[in-house]
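Enquirer: Mind folding the following:
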Amino acid sequence: MLLAVVLCNCKSEPKHEYGSTISINTEDIQNGKLIFEQKCSHCHNFKKDAIGPNLSGITKEVSEAWIKEFIKNPFKMISQKDPRAKALHQKYKTFMPEFSYLSEKEFDELLSYMNSYLKKKASGNNNFEDVIDNPIKDTLVNSKDNAHIEFVAQVPASSKNGQLARINKLACTTNSGRVFINDLRGMLYELKDNKPKLYASISRYHNSFIHEPGLGTGFGSFAFHPDFSENGLFYTAHSEKLHKTKADFSLPDSIPVKLQWVIKEWKSKDPKSKVFEGSIRELLRIDFVTIMHGIQEITFNPHSSKNDSDYGMLYIGVGDGGSVAYGFPKIALHGGAQVWGTILRIDPSGSNSDNGKYSIPKDNPFVNVNKKNKEVWAYGLRNPNRISWNEEGQMYASDIGHNIVEEVNIIEPGKFYGWPIREGKFLVDPYGNQSLAYPLPDNDVDFGVTYPIIQYDHDDGSAISGGFFSNTTPFKGKYIFGDIPEGTVYIADPSETNTEKRNIKKLNIVFKGKQTDFRQLTNKRRIDLRLGQDCDGNMYMFTKADGKIYRMINE
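Expert: Just a heads-up that it's a prediction; the model follows:
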């Protein structure tokens with residue numbers, strides 16, 4: 001959670017009194033640690049700034065009452081122009097979820113754990129000169145175009161607290177056109193007559209499955225094989241707690257492992273069945289150093305045909321695992337030799353991989369290259385959360401940035417997309433303060449970076465929600481995407497290849513004939529917007545805040 005607190009002195013409450021009443025009981029600290037890991041560790045740590053500020057020493061600089069009130073309702077304090085809340089929101093440019101459902105005992109235990117980190121450590125050094133204060137100076141403008149949407153379905157609540165339904169991806173089966181949507185808490189639903197029907201449950205078949213802690217932990221993604229209607233095959237990505245099963249892609253013994261992400265193949269006995277029944281096998285397993293940036297996307301190329309070399313090849317978007325933010329930049333800075341921060345491409349039907357459970361496509365870029373990972377299709381990505389193709393067959397991937405830029409890249413085999421030494425078209429320092437942007441060096445060409453086709457900075461959002469290409473008027477050929485926390489929907493024309501031309505505009509949302517936005521529709525400040533597309537090209541927008549699904553319509 002983004003605990004936006006400013007370290008400042010206050011005359012009415014002397015600094016040395018802060019934290020004096022916080023419990024130092026060992027049991028309280030341990031209970032607080034569990035709460036922190038489940039609710040806070042995705043955005044915070046006690047070593048350096050991440051998505052939110054470094055929290056080491058915070059209980060000695062800010063009052064307990066203030067911290068509790070902010071955690072309960074951060075937007076309220078920001079809207080009331082509390083100076084501490086306002087200043088940190090201006091710096092980090094995002095909102096944390098509300099945690100008003102925590103009990104007073106849980107708040108006290110959380111503070112006990114935070115209070116155990118007394119000395120604030122440096123957030124990172126400034127190792128370069130010429131810091132760019134505002135990477136992209138001009139802000140996005142509204143387009144004149146309206147996106148008319150209609151309500152489609154309400155996904156069942158999967159929790160009484162926090163996000164109602166953690167719906168993450170909507171996709172279809174190629175031949176039959178069936179539409180499915182998943183919940184990070186483990187459910188896969190089919191949308192039938194605008195009603196979600198449970199098709200499969202991850203937790204039913206996997207005892208080690210976990211969907212917390214973290215904003216992205218759980219049932220991350222799914223993909224149906226192009227021949228699903230015949231062979232009954234589909235694939236899932238989910239997270240599991242660390243156990244005795246050794247990962248196919250493991251971290252060195254000196255690096256702690258927080259959890260594992262697993263790719264599974266499911267084979268339905270009857271592809272036409274309304275509920276899954278069949279067999280499951282594991283394809284691969286990857287270690288991750290934190291709960292962040294796991295596997296949020298697996299997919300097949302929907303435009304490939306049986307005569308294409310790309311037909312039936314599974315693409316896997318693997319994040320950097322939070323390695324850079326948590327002080328392990330070498331995990332992501334590997335030159336294509338490892339799997340973290342990459343897009344992988346495998347053939348699930350083969351067996352020539354090291355574990356014998358899939359094969360390496362012979363046209364993968366590093367098949368015959370020494371000291372490279374043969375599964376890697378592209379690398380240098382921080383958190384590739386959505387992959388799509390345009391009608392010309394070009395592959396696009398959205399990549400969630402750290403604190404500077406959100407981006408969309410045209411993905412080509414073997415290319416390096418910059419992370420963790422670039423964010424957007426800016427230099428970043430993976431060993432220093434990663435919240436600072438610098439100009440590109442004079443010898444930039446020597447680094448071989450491929451830069452984004454679309455980018456925007458954190459004046460206009462804070463986490464891109466990857467999109468799709470519209471194949472219907474009035475947006476035919478345009479790329480429609482959004483921002484996860486803000487709920488803003490954008491439209492871009494990738495044919496305008498110069499990102500400085502600002503080829504992105506905000507799309508107006510119209511519901512029931514009235515212009516609105518997703519903050520009004522959800523009555524929430526943090527939206528958690530996602531987009532999807534069915535096999536007819538219809539675009540969907542859905543929100544974790546309330547579990548509702550909308551579809552774009554022509555008016």
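Enquirer: so where's this protein uncertain?
Expert: Counting by pLDDT under 70, the chain contains low-confidence ranges at 1-16, 119-127, 497-502.
Enquirer: Kindly list the longest helix within it.
Expert: helix 26-39 (DSSP state H).
Enquirer: Surely Lys241 is in contact with Ile210?
Expert: Yes. Using CB atoms under 8 Å, Lys241 is in contact with Ile210, at 5.0 Å. In this view, the C-beta of every residue, glycine as well, is placed from N, C-alpha and C.
Enquirer: Touching both of the two, which residues are there?
Expert: Leu259 (CB atoms under 8 Å, 6 or more residues apart in numbering).
Enquirer: So which of the two has more stuff around it?
Expert: Counted by other CB atoms under 10 Å, Lys241 and Ile210 do not tie: Ile210 has more neighbours, with 19 against 11.
Enquirer: Identify the residues contacting that one.
Expert: Thr217, Gly218, Ser239, Glu240, Lys241, Leu259.
Enquirer: Show the backbone phi and psi for it.
Expert: When read as degrees, to the nearest 10, the backbone of Ile210 gives phi -130, psi 150.
Enquirer: related to what we said a few turns ago, show me how to select, in ChimeraX, the buried members of the contacts of Ile210.
Expert: Of the contacts of Ile210, the buried ones go into a single ChimeraX selection, burial set by 16 or more other CB atoms under 10 Å:
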select :217,218,239,240,259
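Enquirer: Give me the distance between the spatially most central residue of the chain and Ile410.
Expert: Residue closest to the average C-alpha location in the chain (CA atoms, centre = their mean): Asn385, at 5.4 Å. Remark: distance between Asn385 and Ile410 (CB to CB, to the nearest Å) = 16 Å.
Enquirer: can you give me the strands in the stretch 401-550 of the chain?
Expert: 405-411, 422-423, 426-427, 454-457, 464-469, 479-483, 489-492, 504-511, 514-516, 529-533, 539-543, 548-553 (DSSP state E, counting those that start in this stretch).
Enquirer: Revised request: answer the last question for the stretch 101-250 of the chain.
Expert: Under the criterion DSSP E, counting those that start in this stretch, the stretch 101-250 of the chain contains strands at 142-154, 167-172, 179-183, 187-192, 195-201, 219-224, 233-241.
Enquirer: Now render these as a markdown table, adding distance to Met77.
Expert: A markdown table is the format used below for those (distance: least, CB to CB, whole Å):
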| stretch | distance to Met77 |
| --- | --- |
| strand 142-154 | 28 |
| strand 167-172 | 28 |
| strand 179-183 | 30 |
| strand 187-192 | 34 |
| strand 195-201 | 36 |
| strand 219-224 | 32 |
| strand 233-241 | 32 |
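Enquirer: who wins for proximity to Asn161 among the ones you listed?
Expert: strand 179-183 (14.8 Å; CB to CB).
Enquirer: Can I get the closest one in PDB, CA atoms only?
Expert: The C-alpha coordinates for strand 179-183 follow below in PDB (Å, rounded to 0.1, in the frame of the first residue of the first chain):
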ATOM      1  CA  VAL A 179     -15.500 -15.500 -23.500                       C
ATOM      2  CA  PHE A 180     -13.700 -16.100 -20.200                       C
ATOM      3  CA  ILE A 181     -12.500 -13.800 -17.300                       C
ATOM      4  CA  ASN A 182     -10.400 -14.700 -14.300                       C
ATOM      5  CA  ASP A 183     -10.200 -13.600 -10.700                       C
END
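Enquirer: So Gly294 is in contact with Trp261, correct?
Expert: Yes. Gly294 is within contact range of Trp261, at 4.6 Å (criterion: CB under 8 Å).
Enquirer: Which strands or helices does the longest helix of the chain pack on?
Expert: The contact analysis (3 or more CB pairs under 8 Å, 6 or more residues apart in numbering; DSSP states H and E) places helix 26-39 against helix 104-115.
Enquirer: wait, Gln455 sits on Asn409?
Expert: No. Between Gln455 and Asn409 there is no contact under CB under 8 Å: 9.3 Å.
Enquirer: Settle it for me: which of these two has more neighbours?
Expert: More crowded of Gln455 and Asn409, by other CB under 10 Å: Gln455, with 27 against 24.
Enquirer: From Phe447, how far out is the more buried one?
Expert: 17 Å.
Enquirer: again with Val489
Expert: Note on Val489: its distance to Phe447, by CB to CB, is 34 Å.
Enquirer: Who has more neighbours out of those two?
Expert: A count of neighbours by other CB under 10 Å puts Val489 above the other of Val489 and Phe447, at 24 against 14.
Enquirer: give the contact list for that one.
Expert: Contact analysis of Val489 by CB under 8 Å, 6+ apart lists Ala147, Ile480, Phe481, Gly482, Lys506, Leu507, Ile509, Phe518, Leu529, Leu531, Met541.
Enquirer: Val339 reaches Glu375, doesn't it?
Expert: Yes. Between Val339 and Glu375 there is a contact at 6.5 Å, judged by CB under 8 Å.
Enquirer: coming back round to it: now, among the contacts of Val489, which is nearest to Phe276?
Expert: Leu531 (25.3 Å).
Enquirer: what's around the closest residue to that closest one other than its chain neighbours, how many residues?
Expert: Spatial nearest neighbour of Leu531, chain neighbours left out: Gly467 (5.1 Å); criterion: CB to CB, 6 or more residues apart in numbering. The tally of other residues near Gly467 (other CB under 10 Å) stands at 27.
Enquirer: Please list all residues in contact with Gly467.
Expert: Residues in contact with Gly467, defined by CB under 8 Å, 6+ apart, are Arg386, Ser388, Ser398, Tyr479, Ile480, Phe481, Gly482, Tyr490, Leu531.
Enquirer: okay if I get those as JSON lines plus distance to Val179 and neighbour count?
Expert: Formatted as JSON lines, the contacts of Gly467 follow (distance: CB to CB, whole Å; neighbours: other CB atoms under 10 Å):
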{"residue": "Arg386", "distance to Val179": "17", "neighbour count": "25"}
{"residue": "Ser388", "distance to Val179": "16", "neighbour count": "22"}
{"residue": "Ser398", "distance to Val179": "21", "neighbour count": "28"}
{"residue": "Tyr479", "distance to Val179": "21", "neighbour count": "24"}
{"residue": "Ile480", "distance to Val179": "18", "neighbour count": "20"}
{"residue": "Phe481", "distance to Val179": "20", "neighbour count": "25"}
{"residue": "Gly482", "distance to Val179": "19", "neighbour count": "24"}
{"residue": "Tyr490", "distance to Val179": "23", "neighbour count": "25"}
{"residue": "Leu531", "distance to Val179": "14", "neighbour count": "22"}
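Enquirer: Tabulate those residues (TSV), appending distance to Glu17.
Expert: Listed next are those as TSV, based on distance: CB to CB, whole Å:
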residue	distance to Glu17
Arg386	48
Ser388	55
Ser398	47
Tyr479	54
Ile480	53
Phe481	48
Gly482	45
Tyr490	47
Leu531	49
